[in-house]
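In: The sequence isn't on hand, but the structure is:
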């Protein structure tokens, strides 16, 4: 590595080069007082520079003989396979939807869900926040959820309703567990589901950036979080950004951070996105907002749309699954399979 | 929190000095820079820059609540819903128009949007024992359509027991403050002033009738590329105001016609649609005047439309409600539902707006 690539202050870099330190080797031979004198900086600063240089040396150096560490931080494909197979999925509530997603929303991945207003994005978001908490003994993850609400569309009464629906389904599928696990029964209360949803209300894009930066620390303190939902990632970035180039850079920074969080803390990141119209090939078409460069930044992309009288989900992008679509319905209990399109018409009372 | 000053944050002193020296005064300044650029500006190493970002982020980040705490807050406060007294609609909305959210009414002209707003305004002023919110109402009337006479008429017909009492009509009507901004900048100004007064004067409802009128007059003046901007601002402002003061905010929207259904399909849907296109091509239909971005941002959308000889209220978007439509008429007592049993509307029809003129002569 060259001096020019070291992550240090620009003025320090200029001084280093001016003083004749052009390679890491030259730098690593220097002692802090010597460096401080050469560059006419404080001894503390010189120590900092040397620390960075030593770190850089380490990451480049040490090629151990064992295969797993040919490249530091790399993982071979075979290990990744077993890792992927052991990965858990979060149930969406609809079996058809789970099917096209290969079992549900994947942990350790970023999934983007978009669609027209009123199609059920927020519904699906709340559903996932509830479903991630299904206890392990009932086939769930037993995790917690972080819900970042940028639009103010999270309705806690609705979350309560969905939690009730989820619990009644669990009891239906596992009728014997009543007797077996009395302790589990206590946890199956809508209140305890709601208590494990951490809700952030974001009112500007600065706060959105801040919360994503802060998540790292938050997740360190709350280890059991298995899903982070941002509803929606778009709203503030569409409202008050004038400099589009900056917007793209800030957004790509955010998506990188989210991917890192997903990997590091073994959780699913779900980003809800709005739609916009785009002029292509002579006509206006619907497309997800935030532009083309953003569309690269999510691992999976699911688009919700109307098909005839039914709600459908279309898997637009996935590294491992084929493009497919499946019907779903939004019912009183939450997101469920579409049963001859009658389900969603059940009255909410 | 976004505009919080760095100098007021409990940061390590060397970071405060560093940021102040580079004129990064607010959290927004610090956080909207990419990491490398921040290093360049601060002239600091990556560790310092990262530490600065982490510190500022933690402070600028709003505190979290659990959903349970939210639920308890709602239960404690009462949910502050505005009952519309249209029983079917109230049931579908689970008790009325929710506080803290943006509710939109969209429909063709003359369908009854203003009638609905007048009734809502009146209801919010009523004492709680009559199902009202017992507070003031701010009514922003951009189209000069507010009619006090009509409102009193609605009141007398629907609540004779209240309005026959001496002086009560005057008291109720006195609680409704009507603003008539003539331009977008006027509107902006009054909104800004309102932020403080809403809480102080016990305002329980904010009505904007209509939002689209302001925007469309402004669009003609400015270039189309700028068109989204004032809208975006008003949108975030109204939303934050609803939330901050926990009152219902009701906004009306106009319609415009669109000649084909460009812009309603994704690229992957195109092939399927080709055969049906010839039939639809020549039929013009109505869409909401404020575009799709606006539609995303409202929490509840009620569509007023008319077809097959009736007028309908449709619950087109709501996180709580099924997709239902209610036939209604406008009478001297205001809007009346013909039936409290909603008609289920399957599929995307719920969001369409139809206006097949009622046969006026036949009535």
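Out: Now that the structure is in, tell me what you want to look at. Keep in mind it's a predicted model, so treat the numbers as computed, not measured.
In: tell me the contacts of residue A:143?
Out: A:132, A:133, A:224, A:225, A:226, A:227, A:267 (CB atoms under 8 Å, 6 or more residues apart in numbering or on different chains). C-beta coordinates here come from the backbone N, C-alpha and C atoms, glycine included.
In: tally of neighbours for the closest residue to the last one other than its chain neighbours?
Out: Leaving aside its chain neighbours, residue A:267 sits nearest to residue A:226 (5.0 Å; criterion: CB to CB, 6 or more residues apart in numbering or on different chains). The local packing of residue A:226 (other CB atoms under 10 Å in any protein chain shown) involves 22 other residues.
In: next one: residue B:121
Out: By other CB under 10 Å, 28 other residues sit near residue B:121.
In: Hmm, residue A:28 and residue A:21 touching each other?
Out: No: look at residue A:21 against residue A:28 with CB atoms under 8 Å: they stay out of range, at 9.9 Å.
In: Looking at the two, which has the bigger crowd around it?
Out: Neighbour totals were compared for residue A:21 and residue A:28, and residue A:21 leads with 22 against 13 (other CB under 10 Å).
In: Next up, the contacts around residue B:142.
Out: B:180, B:181, B:187, B:208, B:209, B:210, B:211, B:213, B:214.
In: In a helix, the fourth one, correct?
Out: What that stands for is residue B:208. No: under DSSP: H, G, I helix; E, B strand; the rest coil, residue B:208 sits outside any helix and is assigned strand.
In: number of nearby residues for it?
Out: Count around residue B:208 with other CB under 10 Å applied: 27.
In: show me the residues around it that make contact.
Out: Applying CB under 8 Å, 6+ apart to residue B:208 gives the contacts B:140, B:142, B:238, B:249, B:250, B:251, B:252.
In: Just flag the most distant two among the residues you listed.
Out: B:142 and B:249 (14.8 Å; CB to CB).
In: Narrow the contacts of residue A:143 to those in strands?
Out: A:225, A:226, A:227 (DSSP state E).
In: So what are the sheet partners of the helix or strand hosting residue B:104 and their directions?
Out: Assessed by DSSP states H and E, residue B:104 sits inside strand B:102-106. Note on strand B:102-106: by DSSP bridges, its sheet partners are strand B:249-253 (parallel), strand B:300-307 (parallel).
In: and these, which is most packed in?
Out: Of all these, strand B:249-253 carries the top mean neighbour count, a mean of 26, counting by mean count of other CB atoms under 10 Å in any protein chain shown.
In: Contacts for it, please.
Out: So strand B:249-253 is contacted by B:97, B:101-106, B:113-114, B:117, B:120, B:205-212, B:238-239, B:241-242, B:288-290, B:294, B:298 (CB under 8 Å, 6+ apart).
In: What's the ChimeraX syntax to select whichever of these are buried?
Out: To isolate the buried ones among those in ChimeraX, judged by 16 or more other CB atoms under 10 Å in any protein chain shown, type:
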select /B:97,101,102,103,104,105,106,113,114,117,120,205,206,207,208,209,210,211,212,238,239,241,242,288,289,290,294,298
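In: Residue of the stretch 251-363 of chain B nearest chain A, please.
Out: residue B:347 (3.0 Å; CB to the nearest CB).
In: Contact partners for that residue?
Out: A:306, A:308, A:309, A:310, A:341 are the contacts of residue B:347 under CB under 8 Å, 6+ apart.
In: What confidence value was assigned to residue 188?
Out: Reading this off chain A. On pLDDT, residue A:188 comes in at 80.
In: Chain B is the one I meant
Out: Predicted confidence (pLDDT) for residue B:188: 81.
In: how much space between it and residue B:121?
Out: 22 Å (CB to CB, to the nearest Å).
In: Same check on residue B:54?
Out: Where residue B:121 is concerned, residue B:54 sits at a distance of 48 Å (CB to CB).
In: remind me which residues of the chain are low pLDDT?
Out: All of this is about chain A. A:1, A:59-70, A:176-187, A:239-240, A:340-349 (pLDDT under 70).
In: Chain B is the one I meant
Out: Within chain B, the stretches with pLDDT under 70 are B:1-2, B:216-230, B:259-264, B:270-284, B:357-363.
In: Break chain B down into its structural domains.
Out: B:6-60, B:73-254+B:289-351 (automatic domain parsing).
In: can you put those in CSV and add distance to residue A:77?
Out: Shown next, in CSV, are those (distance: least, CB to CB, whole Å):
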stretch, distance to residue A:77
domain B:6-60, 31
domain B:73-254+B:289-351, 40
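In: Residue A:153: which of the ones you listed is closest?
Out: Nearest of those (CB to CB): domain B:73-254+B:289-351, 5.3 Å.
In: helix or strand for whichever residue of the stretch 51-200 of chain B sits closest to chain A, which one?
Out: Nearest to chain A, among the residues of the stretch 51-200 of chain B, is residue B:57, at 3.4 Å (CB to the nearest CB). Using DSSP H and E, residue B:57 sits within helix B:46-60.
In: what do you get for residue A:314?
Out: strand A:310-317.
In: now swap in residue A:128 and tell me
Out: Going by DSSP H and E, residue A:128 is in helix A:121-131.
In: Contacts for that helix, please.
Out: A:90-93, A:105, A:113-115, A:140, A:145, A:147, A:153-154, A:158-159, A:162-163, A:166, A:193, A:197, A:227, A:229, A:231-232, A:268, A:270, A:272, A:304, A:330, A:334-335, B:67, B:319.
In: which residues sit in contact with the residue nearest to residue A:267?
Out: So residue A:226 contacts A:88, A:90, A:107, A:132, A:141, A:143, A:144, A:145, A:266, A:267, A:268 (CB under 8 Å, 6+ apart).
In: from what I can see the second one touches residue A:132, true?
Out: So the one you mean is residue A:90. Yes: Residue A:90 lies in contact with residue A:132 (CB under 8 Å); the separation is 5.1 Å.
In: shared neighbours of these two, which are they?
Out: With CB under 8 Å, 6+ apart as the test, residue A:90 and residue A:132 both reach A:141, A:226, A:227, A:268.
In: Can you tell me which residue sits nearest the middle of chain A?
Out: When chain A is reduced to its mean C-alpha position, the nearest residue by CA atoms, centre = their mean turns out to be residue A:269, at 2.2 Å.
In: Make sure I have this right: that one is in a strand.
Out: Yes: applying three-state DSSP, one finds residue A:269 inside a strand.
In: For chain B, see how far away it is.
Out: For residue A:269, the distance to chain B (CB to the nearest CB, to the nearest Å) stands at 17 Å.
In: Enumerate every residue touching that residue.
Out: A:109, A:110, A:111, A:227, A:228, A:230, A:258, A:259, A:261, A:262.
In: bridging residues for the third one?
Out: Just to be clear, that refers to residue A:111. residue A:270, residue A:300.
In: Go ahead and confirm it touches residue A:97.
Out: No: between residue A:111 and residue A:97 there is no contact under CB under 8 Å: 11.8 Å.
In: And for residue A:193, nearest residue in space, chain neighbours not counted?
Out: residue A:163 (4.1 Å).
In: For the stretch 151-300 of chain B, what lies in contact range of chain A?
Out: B:232-233, B:235-236, B:239-240, B:242-243, B:262-270, B:291-293, B:295-299 (CB under 8 Å from any CB of the partner chain).
In: what about 7 Å?
Out: B:232, B:235-236, B:239-240, B:243, B:262-269, B:292-293, B:295-297, B:299 (CB under 7 Å from any CB of the partner chain).
In: Any quick ChimeraX command for the buried ones out of those?
Out: The buried subset of those, as determined by 16+ other CB under 10 Å, is captured in ChimeraX by this line:
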select /B:232,235,236,239,243,263,264,265,266,269,292,293,295,296,297,299
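In: Go through the residues of the stretch 151-300 of chain B next to chain A and flag which are in strands.
Out: Using DSSP E, none of these sit in strands.
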